[in-house]
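K.L.:
Have a look at this prediction, sequence included:
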Amino acid sequence: MKNATLRINTTNPIAAIDPRLYGSFVEHLGRAIYSGLYQPGHPSADADGFRGDVLELVRELKVPVIRYPGGNFVSGYDWEDGIGPQNGRPVRLDLAWATQESNQVGLDEFHDWLDKTGATLMYAINLGTRGIDEARNIIEYANHPGGTYYSELRKKHGREQPYDIKLWCLGNEMDGPWQIGAKTATEYGRLAAECAKVMKMYDPDIELVACGSSHQGMPSFGDWEREVLEHTYEHVEYLSLHSYYSNAENDSPAYLAKNLAMDDFIKTVVAICDEVKAKKGSQKDIMLSFDEWNVWYHSLGNDRNAPRFGPEPPPLLEDIYNFEDALLVGGLLITLIKNADRVKIACLAQLINVIAPIMTEPDGGAWRQTIFYPFLHATTYGQGMALNVDVSCPAYDCKDRQGVPYLDSVAVYNAAKNETTLFVLNRDLHTDMETKITLEGATELTQHISYAGHDLKATNGPGAELICPENMPCAKMEDGTVTLSIAKASWNVFRFRLS
Ligand code: AHR
């Protein structure tokens, strides 16, 4: 047994958490849409063709905002293909993912689906093959009440009320050589600024996300952010970050420390934003939209042999997540919450079938992956004021870094519920941690959810959701302190009632 202390710091709150920190992402990719959320003829499908079993799980996750329609897909997408009578829509080649796009789901259907989930839309426009013209037309179609060409077209398509989309991405990963219409920072920065300008001529209150680097390992990382912001600083509210994590090397101690790399990434991008702010003498802070993050590596081998350009949506990026992936996802959520002062939006990439917490069987049901649970805990208990936790515990060295604390932790104070929730990741793979937790003003530990005791490589599957968290008996609190054991290799949620 090792020993640790966790003291929740109530005097220096980090920031109020923007509920959009727990957003997600749905792309026209693989089976995310077709045989994912949309499958007319499926036994659970409603009159609009949306799978009821998937809707139930999306509602259970309480996702507040969903980014759509891509991803790489959007850089070759003509949104007009996805509106109007479904039987007249063109089937196109999707060059980003080497598939066919039937266009049976487009903006209107996706918006209908979102209405059923309770989430709002974060819409990415195409700055690969398109630009200013698309920007001004799609905002007219989506947001203008009526009396103009595009708003009347929306009404003709049966959607009387405007969608009032408030959050827009100016393209996707435009620095990536794989991206259709990839651009230099100068080309992209200028185009993004001009698109932002026309969109805000229509509605100055919308919020815009400019593309940061595709990931932190891009050769132009840093320079890209700096130059893009030099062009767009006064036109946008957010800069995007994307990052995927892998345990391809099967080094679990190093893998479970990878949320610390996410923290480094965020801090570096914040420093660049603030450097540009200082150079410009601006009054405004650019906030971050970490709009693609997750574990992604299990499916890479399969995807290399996927059929190309066939009529059926192929099973692409269908990572089957194991228990250690869920632990890392918990750690990544801790890092996002710790940075809630600058990261206002984040999207777990993605939501359904494609590197997703929710999976479907085309001829069967929907099921929860291991990573479903830490995300659910964050959306359920992670609303309120983010609080730092002073952690004192042993540490270890691994391949990528030294002095990795075994415990990682953050807390969230929820005034409406008069409670504080503590999230804790225990990275120690061999030994439980005897832990003293102190929270001034706490009267009772009301719930301890522990996700522990599973083989690191254990997975869930259709009809076999065995890798689940469980409620533990609650240790007694005395004078704001509770002493308990935190299981080795575990993700934990502690809820404290306040006086
Ligand atoms: O989420 C999968 C892909 O990862 C997205 O399409 C792209 O933006 C990123 O590279």
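P.N.:
Cool, got the structure.
K.L.:
Looking at the chain, which residue is nearest the ligand?
P.N.:
Using CB to the nearest ligand atom, the single residue of the chain nearest to the ligand is Gly71, 2.8 Å away. No exception for glycine: its C-beta is placed from N, CA and C like everyone else's.
K.L.:
Assign a three-state SS to the residue lying closest to that residue once chain neighbours are set aside, would you?
P.N.:
In space, and not counting its chain neighbours, Gly71 is closest to Glu27: 3.6 Å by CB to CB, 6 or more residues apart in numbering. At Glu27 the chain is in coil, as set by DSSP: H, G, I helix; E, B strand; the rest coil.
K.L.:
what about the residue of the chain closest to the ligand, neighbour count?
P.N.:
27 (other CB atoms under 10 Å).
K.L.:
show me the contacts for it.
P.N.:
Contact partners of Gly71, counting by CB atoms under 8 Å, 6 or more residues apart in numbering, are 25, 27-29, 96, 124, 172, 292, 349-350.
K.L.:
near the ligand too, which of the residues you listed?
P.N.:
The subset of the contacts of Gly71 within reach of the ligand, by CB under 6 Å from any ligand atom, is 27, 172, 292, 349-350.
K.L.:
Would you tell me which residues of the protein are close to the ligand?
P.N.:
Residues of the chain lying near the ligand (CB under 6 Å from any ligand atom): 27, 70-72, 172-173, 214, 292, 349-350.
K.L.:
for this protein, what are the low-confidence residue spans?
P.N.:
Applying pLDDT under 70 to the chain picks out no residues at all.
K.L.:
What are the buried residues along stretch 203-210?
P.N.:
By 16 or more other CB atoms under 10 Å, the buried positions in stretch 203-210 come out as 206-210.
K.L.:
so which helix or strand takes in the residue nearest to Met472 when sequence neighbours are not counted?
P.N.:
What sits nearest to Met472 in space, not counting adjacent residues and going by CB to CB, 6+ apart, is His448, at 4.3 Å. Secondary structure assigned from DSSP states H and E places His448 in strand 442-451.
K.L.:
where do the helices sit along the stretch 251-400 of the chain?
P.N.:
Counting by DSSP state H, counting those that start in this stretch, the stretch 251-400 of the chain has helices at residues 252-255, 258-280, 300-304, 323-338, 372-381.
K.L.:
nearest to Glu80, of those helices?
P.N.:
Nearest to Glu80 among the helices of the stretch 251-400 of the chain is helix 300-304; the distance by CB to CB comes to 29.4 Å.
K.L.:
Can you show me the helices along the stretch 51-200 of the chain?
P.N.:
52-61, 107-117, 132-143, 149-156, 185-202.
K.L.:
Mind giving me the packing neighbours of the second one?
P.N.:
What it means is helix 107-117. helix 52-61, strand 65-68, strand 120-125, helix 132-143 (3 or more CB pairs under 8 Å, 6 or more residues apart in numbering; DSSP states H and E).
K.L.:
so which of those comes closest to Asp455?
P.N.:
Closest to Asp455 of those, according to CB to CB: helix 52-61, at 24.3 Å.
K.L.:
could you give the angle of the closest one to helix 372-381?
P.N.:
Interaxial angle, helix 52-61 versus helix 372-381 (axes from the mean of the first three to the mean of the last three CA atoms, to 10 degrees): 50 degrees.
K.L.:
and the closest residue to Gly189 other than its chain neighbours, how many neighbours?
P.N.:
Distances taken as CB to CB, 6+ apart place His231 nearest to Gly189, at 3.1 Å, with adjacent residues excluded. A count of nearby residues for His231, using other CB under 10 Å, gives 21.
K.L.:
is it true that His231 touches Ala196?
P.N.:
No - look at His231 against Ala196 with CB atoms under 8 Å: they stay out of range, at 9.6 Å.
K.L.:
quick one: buried residues of stretch 110-120?
P.N.:
110-111, 113-114, 117, 119-120.
K.L.:
now those in a markdown table, with distance to Gly330?
P.N.:
Output for the buried residues of stretch 110-120, formatted as a markdown table (distance: CB to CB, whole Å):
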| residue | distance to Gly330 |
| --- | --- |
| Phe110 | 29 |
| His111 | 32 |
| Trp113 | 28 |
| Leu114 | 27 |
| Thr117 | 23 |
| Ala119 | 22 |
| Thr120 | 25 |
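K.L.:
Relative to Val228, how far out is the residue nearest to Lys183 when sequence neighbours are not counted?
P.N.:
Nearest residue to Lys183 in three dimensions, chain neighbours excluded: Met174, at 4.9 Å (CB to CB, 6+ apart). Separation of Met174 from Val228 (CB to CB, to the nearest Å) stands at 9 Å.
K.L.:
go on, Val404?
P.N.:
Going from Val404 to Val228 by CB to CB gives 33 Å.
K.L.:
Neighbour count: those two, which is higher?
P.N.:
Per other CB under 10 Å, whichever of Val404 and Val228 has more neighbours is Val228, with 30 against 17.
K.L.:
I'd guessed that one sits against Ala185; true?
P.N.:
Yes - with contact defined as CB under 8 Å, Val228 reaches Ala185; the gap is 5.4 Å.
K.L.:
I'd like to know how many residues surround the residue nearest to Gly71.
P.N.:
So Glu27, with other CB under 10 Å, has 27 neighbours.
K.L.:
From Ile371, how far off is it?
P.N.:
Note on Glu27: its distance to Ile371, by CB to CB, is 17 Å.
K.L.:
again, but for Pro307
P.N.:
Using CB to CB, Pro307 is found at 27 Å from Ile371.
K.L.:
okay, these two: which has more neighbours?
P.N.:
Using other CB under 10 Å as the criterion, Pro307 and Ile371 rank with Ile371 on top: 27 against 11.
K.L.:
If you drop the residues flanking it in sequence, what lies closest to the more buried one?
P.N.:
Take Ile371 and drop its neighbours on the chain: the residue closest to it by CB to CB, 6+ apart is Val329, 4.4 Å away.
K.L.:
got it, and Gln39?
P.N.:
Sequence neighbours aside, Arg51 is the residue nearest to Gln39 in space, at 5.2 Å (criterion: CB to CB, 6+ apart).
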